[in-house]
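> predicted coordinates and the sequence they were generated for:
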Amino acid sequence: MTSVQIHKINTVLITGASSGIGLQLAKDYLAAGWHVIACGRDKAKLDALAETVLIGATCISFDINERSQVQENALRIKDLLTQCACQLDLVILNAGGCEYIDDAKHFDDRLFERVVHTNLIAMGYCLGAFLPLMPRGARLALMSSSATYLAFPRAEAYGASKAGVQYLAASLRLDLAQHGISVSVICPGFVATPLTAKNDFAMPMQVDVKAASTAIRRGLSRGVTEIHFPKRFTYLLKLMSFLPALVWQKMIQRDNQPKALKDAGR
């Protein structure tokens, strides 16, 4: 009798998969033979990608900020997994946004709410919807930022939301261990994406999305709990985080002096 070996196809769900890091991850996992569930808010863009660079992927459109949409599409994904007799081996909650507080004295509470909701609260919606679909042996990855290593000007909303993600991942790692689900947190430095293209400041040691995807996929395959890159940048931030807070504050204040004052000192 001839034995038949069944090759298991791994499944990954990625939010924010219509651009930037999420899109590159979707393309790379697809090329590696994974079943990719690419999620994004822009249906037209996802449909176009499904006919070009994401051929073979399952593209699903919903807004992570709308809990009802997340729940509805989780049911759709559950049916899909049942139909194809597969399971969620990896979930990468990558979707997020970035806006800056330009005037802390006149604090923009609406902006703060918007950023925290997208980067943290909406992630909670995704966890509530997708964790029940993840079996033992699966891995969950949450997108944070290397900005959590040090406080930066104007980053009150973005930094606070990503610090929340960092703590969320650490706490989930403890509680999900009993269910056999591993948790990784991803802390990139500057990556060239449509989101960072809006930044109006220098972004040292910036990497492209291909390098970011390679670092993330390598880290996840090795079971790394905190994936940070590029190392020469993130280790520098980690080292500087040991400085006394007052020293860091003076360094930042010196760099943020109005140009006229800097020129006057020459």
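Yep, that arrived.

> what segments of the stretch 1-150 of the chain are helices?
20-31, 43-50, 67-83, 109-116, 122-130 (DSSP state H, counting those that start in this stretch).

> got those helices as CSV, with distance to residue 97 and mean pLDDT columns?
Quick note: C-beta positions are derived from backbone N, CA and C, even for glycine. As requested, the helices of the stretch 1-150 of the chain are exported to CSV (distance: least, CB to CB, whole Å; pLDDT from 0 to 100):
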stretch, distance to residue 97, mean pLDDT
helix 20-31, 11, 98
helix 43-50, 16, 96
helix 67-83, 16, 97
helix 109-116, 6, 98
helix 122-130, 9, 98
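
> nearest to residue 8, of these?
Evaluated with CB to CB, these place helix 67-83 nearest to residue 8, the distance being 13.4 Å.

> neighbours of residue 168, how many?
Residue 168 is flanked by 19 other residues according to other CB atoms under 10 Å.

> other residues contacting the helix or strand where it lies?
Using DSSP states H and E, the secondary-structure element containing residue 168 is helix 156-176. Applying CB atoms under 8 Å, 6 or more residues apart in numbering, the set of residues contacting helix 156-176 from outside is 96, 98-101, 104, 107, 111-112, 114-116, 118-120, 123-124, 127, 131, 140, 142-145, 147-148, 151-152, 182-185, 187, 225.

> one more time with 6 Å, if that's ok
98, 101, 111-112, 115-116, 119-120, 142, 144-145, 147-148, 183, 185 (CB atoms under 6 Å, 6 or more residues apart in numbering).

> and that helix, average pLDDT?
For helix 156-176, the mean per-residue pLDDT is 98.

> next, the angle from it to helix 122-130.
With axes from the mean of the first three to the mean of the last three CA atoms, to 10 degrees as the basis, helix 156-176 and helix 122-130 are set at 30 degrees to each other.

> name the strands paired with whichever helix or strand comes after helix 156-176 and say parallel or antiparallel.
Under the assignment DSSP H and E, the closest C-terminal helix or strand after helix 156-176 is strand 182-188. For strand 182-188, the pairing partners within the sheet under DSSP bridges are strand 139-143 (parallel), strand 226-229 (parallel).

> now the element after the shortest one, going C-ward?
Sequence-wise, the next helix or strand beyond strand 226-229 is helix 231-240, with elements assigned using DSSP H and E.

> tell me the buried residues in the helix or strand just after that next one?
Heading C-terminal from helix 231-240, the first helix or strand you meet, by DSSP H and E, is helix 245-255. Residues of helix 245-255 classed as buried by neighbour count (16 or more other CB atoms under 10 Å): residue 248.
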